[in-house]
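Peer 1: Mind folding the following:
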Amino acid sequence: MAFEDKMDQLKTSMNSKPVTNETTAPRISKSYTLKQDIANELARRAKEKELTASRYLEQLLKKEFNL
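Peer 2: Residues are numbered from 1 along each chain as shown. Predicted coordinates:
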């Protein structure tokens, strides 16, 4: 492919309208302290499901709050 063709291809891709992502709720960063035994159990169960502890906790909370 010639240099000019490549430049034209790049220009058209750069001039296209940006894709807008659907709006999602912003994530809130909060710190909570868990008792050691609860944290260990949370981490163990999350590992069984191949998730991080925070993702597993998020699933539990969604289920609990019917979200």
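Peer 1: quick one: which helix or strand includes the nearest residue to residue 34 once chain neighbours are set aside?
Peer 2: Counting by Cβ to Cβ, 6 or more residues apart in numbering, residue 34 lies nearest to residue 42, which is 7.0 Å off, once chain neighbours are set aside. C-beta here means a position set from N, CA and C on the backbone, and glycine is covered the same way. Element membership for residue 42 (DSSP states H and E) is helix 36-48.
Peer 1: how close does the residue nearest to residue 34 sit to residue 50?
Peer 2: 14 Å (Cβ to Cβ, to the nearest Å).
Peer 1: Which one's more surrounded, these two?
Peer 2: Neighbours were counted for residue 42 and for residue 50 using other Cβ atoms under 10 Å; residue 42 has more, 16 against 8.
Peer 1: residues contacting that one?
Peer 2: Applying Cβ atoms under 8 Å, 6 or more residues apart in numbering, we find residue 42 in contact with 34, 53, 56, 57.
Peer 1: tell me which of the residues you listed is nearest to residue 23?
Peer 2: Distance to residue 23, by Cβ to Cβ, is smallest for residue 57 among those, at 24.2 Å.
Peer 1: Now the closest one: which helix or strand?
Peer 2: Per DSSP H and E: helix 53-64 holds residue 57.
Peer 1: Figure out how far that helix is from the centre of its chain.
Peer 2: Distance, stretch centre to chain centre, for helix 53-64: 14 Å (Cα atoms, centre = their mean, to the nearest Å).
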